[in-house]
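got a sequence here, can you model it:
(one chain, ligands or ions: 1)
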Amino acid sequence: MSDKYYITTPIYYPSGKWHLGTCYTTVICDAIARFKRMQGKDVFYLTGTDEHGQKIEKVAAEHNTPTKQYIDKVVGDLKDLWKLLDISYDKFIRTTDDYHEKAVQKIFTKLYEQGDIYKSSYEGLYCTPCESFWTESQLVDGKCPDCGRPVELMKEESYFFRLSKYQDRLIKLLEENTDFLQPATRQKEMINNFLKPGLQDLCVSRTSFQWGVQVPFDPKHVVYVWIDALTNYITALGYGSENEELFKKYWPADLHMIGKEIVRFHSIIWPAILMALDLPLPKKVYGHGWLMLDSDKISKSKGNIIDPFLLSERYSVDAVRYYLLREIPFGQDGMYSNKAFLSRINSDLVNDLGNLVSRTTAMVEQYFGGTIPAPQTATEFDTSLIEVATGALDKMSANVDNLLIPEAIDNIWAIIRRANKYIDETCPWILAKDEEKRGTLATVMYNLCESIRFANVLLQAFLTGCPAKIFEKLGIADKSLMTFDSIKTFGAKINGLKVAKGEALFKRIDIEKELKELDKIAQANQKAAQQKKEDKKMQENVINISEITIEDFAKIALRVGKVLAAEKVEKADKLLKLTVDLGEEKTRTIVSGIAKWYTPEDMVGKSIVVVSNLKPVKLRGILSEGMILCASDDNDNLSIVAPISDIKTGSEVR
Ligand code: MSP
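Got it, this is the predicted structure:
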């Protein structure tokens, strides 16, 4: 059996703010990666960002920010989120990374040269947000079947990948290798909805936008997002670079974990690309369900963001990780609610786990001065407790292998629940009253501590904060007592270790009060978002108010003038009095606030632009018969506007 384990998440679109739905795939993969590492596997866990395409270009433009600058910020936020959630990825790939772009160009050229990619033109119904072409029959109510938004007819010269050529091999793959795509319902969906009706060749380049990897032999084309995005799984390992060591070691992927909406790309297009490249196929693609809110997918575009930063800060990272791993039947959609989240914390983390640890350590402190005793006299309940504890690892391994993640976490809770029951069965507080039962009490305390150690060793794969605290409370510092090997048999030498009850692992939540708090926060956020919308609208209105028609503009008579004389205005530091020729019978007097930037000498002989039909006003007792045009900036610079070549004095400016 191979010892390597290569697991990937999809690469994320850096289209805006990150939400709890975003964390789902990554936390699940992190738990699997940690579990496999603890099993002794050489794990490579890949995640990253999918940074090309028209959609990203558009979003950045909406933020008035250069595309890469915008992406850098959003990717920075994502990395902060992964750090906060203790995501233990081994590599973070960005599709704008130089090595990736070069490898994509190589792959594209290779496929073109061997005839798997050809040039043609494409006319189809395109959904810009999803970056997908659809056929008429695939539309739902005339709209994109993935996101429900309108599609538009597009025609473009494009390169095509000969997807149709691989149709029979793909059908064979999905029909015969039932391990390849899971859950099984997704296999049927792919075969019946896409493969059996017939595959069309896939459009793999674009000329309508620039933000992508250039096709090296035809630079007006950029590589269409899926060839760029899907190949990240091999370019991240160095495929197509000078050093393919990692690729040789880790490819094929053991597991591509993805959301259900991108199953088509991973189970049809991706294997076809790999077939064309003559590379081995991934061992498994798993399409999980969505985290939903009020029957909608949690997503930025739906505006129903649940903030993982806020939840982690208020209730701990472990609480967020636990909820994501435990709550949703894996493979199906799951509904998020604050109430379900908070209830999970109270019931599983505070009551089951927290209580077991605090009760046990408190009793060891009270009855044995804080030192874990060696077991002495057996009780009738020991065997069943020990059976549950020692059986958990195998059960959990099987569940992780079958991607039954909530079931795997429940294998740990089986130990915790059994240990809590063991306390109720053995009633240590009664044993403690009877000196003759001292040997039994010692066994009970030892068994409880050892059971907690078993649960905690397993917990390390899933939670990242409390396992270290629990080991500390049990006085366990020896790393060899923290491994999967150490829980093969019950009875490690933990007697003699000093426990410390310390603070509670998780604070009990007053759910009603907390729900009100969360509502308040949500309302405040909504208000702020509404305010932002209104501010934006107002800004647009201001622009509308200041918009004028050409007829309005025609009311302003702008003329080229020549300054014949200039002098300072007495007791007015800012003003110069100019005598200006506008090609009229009489010269005009214009008072202008430019003395800070221009001396009278600077001005004499200069050509300027004058608003000649401005109603005359008296300034410092001098009648000013017009206004000269100047440009000014935020740094207090001022520059007079002037014609850049000779032109007759009095000429109209339009
Ligand atoms: N860029 C593509 C993937 C390319 S992989 C070669 C993409 N990106 S994404 O940012 O839209 O989604 C990334 C992952 O987050 C997907 O697996 C998606 O299913 C997951 N989720 C996003 N919102 C989610 C929920 N509300 N619930 C569960 N997972 C969700 O697709």
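
what's the pLDDT at Lys433?
We have a pLDDT of 97 for Lys433.

any idea how far Leu441 is from it?
Noted for Lys433: a distance of 10 Å to Leu441, by CB to CB, to the nearest Å. No exception for glycine: its C-beta is placed from N, CA and C like everyone else's.

of those two, who's got more company?
Using other CB atoms under 10 Å, the more surrounded residue of Lys433 and Leu441 is Leu441, with 25 against 10.

ok but the more buried one is inside a helix, no?
Yes - applying DSSP: H, G, I helix; E, B strand; the rest coil, one finds Leu441 inside a helix.

and the residue nearest to Lys437 when sequence neighbours are not counted, how close does it get to the ligand?
Distance criterion CB to CB, 6 or more residues apart in numbering; nearest residue to Lys437, sequence neighbours excluded, is Leu431 at 4.2 Å. The gap separating Leu431 from the ligand is 49 Å, by CB to the nearest ligand atom, to the nearest Å.

list the contacts for Leu431?
Residues in contact with Leu431 (CB atoms under 8 Å, 6 or more residues apart in numbering) are Lys437, Arg438, Thr440, Leu441, Val444.

likewise Asp646?
Residues near Asp646 by CB under 8 Å, 6+ apart: Ser607.

what does this structure have sitting close to the ligand?
Residues of the chain found near the ligand (CB under 6 Å from any ligand atom) are 10-13, 21-22, 24-25, 50, 229-230, 232, 258-259, 261-262, 290-291, 297-299.

helices - which of these land there?
The members of the residues of the chain next to the ligand that map onto helices under DSSP state H are Gly21, Thr22, Tyr24, Thr25, Ala229, Leu230, Asn232.

got TSV for the residues you listed, with neighbour count and pLDDT too?
Formatted as TSV, those follow (neighbours: other CB atoms under 10 Å; pLDDT from 0 to 100):
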residue	neighbour count	pLDDT
Gly21	23	91
Thr22	23	91
Tyr24	22	95
Thr25	20	96
Ala229	27	97
Leu230	23	98
Asn232	24	98
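
which of those residues sits closest to Lys102?
Checking these against Lys102 by CB to CB gives Asn232 as the nearest, at 13.1 Å.

the closest one touches Thr95, doesn't it?
Yes - taking CB atoms under 8 Å as the definition, Asn232 is a contact partner of Thr95 at 6.1 Å.

for the residue in the chain that the ligand sits nearest to, list the residues it contacts.
Closest to the ligand within the chain is Gly259: 1.7 Å, counting by CB to the nearest ligand atom. Counting by CB under 8 Å, 6+ apart, Gly259 makes contact with Pro10, Tyr24, Thr25, Gly287, His288, Gly289, Trp290.

repeat that for Asp50.
Counting by CB under 8 Å, 6+ apart, Asp50 makes contact with Pro10, Ile11, Tyr12, Tyr13, Pro14, Thr95, Val225, Asp228, Ala229, Asn232.

the second one and Thr96 touch, don't they?
Think Ile11. No - with contacts counted by CB under 8 Å, Ile11 stays clear of Thr96, the gap being 11.1 Å.

which strand or helix spans Lys469?
Element membership of Lys469 [criterion: DSSP states H and E] is helix 466-473.

so which bits of that helix are buried?
By 16 or more other CB atoms under 10 Å, the buried positions in helix 466-473 come out as Cys466, Pro467, Ile470, Phe471, Lys473.

show the pLDDT at the last one.
Read it as Lys473. The score at Lys473 is 98. That number is its pLDDT.
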